[in-house]
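*Asks:* Take a look and give me a structure for this.
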Amino acid sequence: MSKKVLVLSGSPRKGGNSDLLCDQFILGAKEMGNQTEKIFLRNKEINYCLACDICKNNDDICDQDDDMVEVLNKMIEADVIVMATPVYFYTMNAQMKTLIDRTYSRYTEINNKDIYFILTAAVSRKDALERTVEGFRGFTSVLDNVNEMGIIYGTSAWNIGDIKDTKAMTEAYEMGKSI
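*Replies:* Model (predicted):
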């Protein structure tokens, strides 16, 4: 049965290391007959959450006029969500964190999902990325019936393309196929 797979690429660089892993994941998922869509957060206008709570008094509709409504609708509709980020100072980048914060108006509707995380970093140790994983888990812990299905650690990837010809590329492709 075909699933809707939404890949949220937090990479500020098209063709950057985390973005390349997203493409491999998509390749595997498509090969198995799934519907896939990748959203480049860098191409979307997503403002910071203002903690104004207008959404909570306005049928869960955020007062800000930006691209978050579109992205959030797609998150709610997806069966599978892949969240990919480069790791900056041992945590997710601002684009991904801003997206997560802006789900506040309707986060209770993001349920019954399989979730995958893709992380890339210049460091060579996977354990150095655990703060980032815990940041993602902080988000998914408040969602209902969300299953963490896998994590791809793209380590030793500083410059664009460093991730090519690594084990992480194969892992991303295989995880995509496993959906």
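
*Asks:* Pull out the buried positions in stretch 137-154.
*Replies:* 139-140, 143, 146, 150-154 (16 or more other Cβ atoms under 10 Å). All C-beta atoms are positioned from the backbone trio N, CA, C, and that covers glycine.

*Asks:* Do a quick rundown of the helices in this structure.
*Replies:* 17-31, 68-77, 94-102, 130-140, 167-177 (DSSP state H).

*Asks:* one step back: which one of the buried residues of stretch 137-154 sits closest to Leu99?
*Replies:* Phe139 (9.5 Å; Cβ to Cβ).

*Asks:* Leaving out chain neighbours, which residue sits closest to the closest one?
*Replies:* Of all residues not flanking Phe139 in the chain, Ile100 sits nearest, at 4.8 Å (Cβ to Cβ, 6 or more residues apart in numbering).

*Asks:* if I read this right, the one you found contacts Arg137, doesn't it?
*Replies:* No - using Cβ atoms under 8 Å, Ile100 is not in contact with Arg137; the gap is 11.4 Å.

*Asks:* could you dump the helices of the chain to TSV with mean pLDDT and distance to Ala51?
*Replies:* TSV is the format used below for the helices of the chain (pLDDT from 0 to 100; distance: least, Cβ to Cβ, whole Å):
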stretch	mean pLDDT	distance to Ala51
helix 17-31	97	28
helix 68-77	97	15
helix 94-102	97	9
helix 130-140	97	16
helix 167-177	98	35
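
*Asks:* Please tabulate those in CSV and include distance to Ile160 as additional columns.
*Replies:* Shown next, in CSV, are the helices of the chain (distance: least, Cβ to Cβ, whole Å):
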stretch, distance to Ile160
helix 17-31, 7
helix 68-77, 25
helix 94-102, 17
helix 130-140, 20
helix 167-177, 14
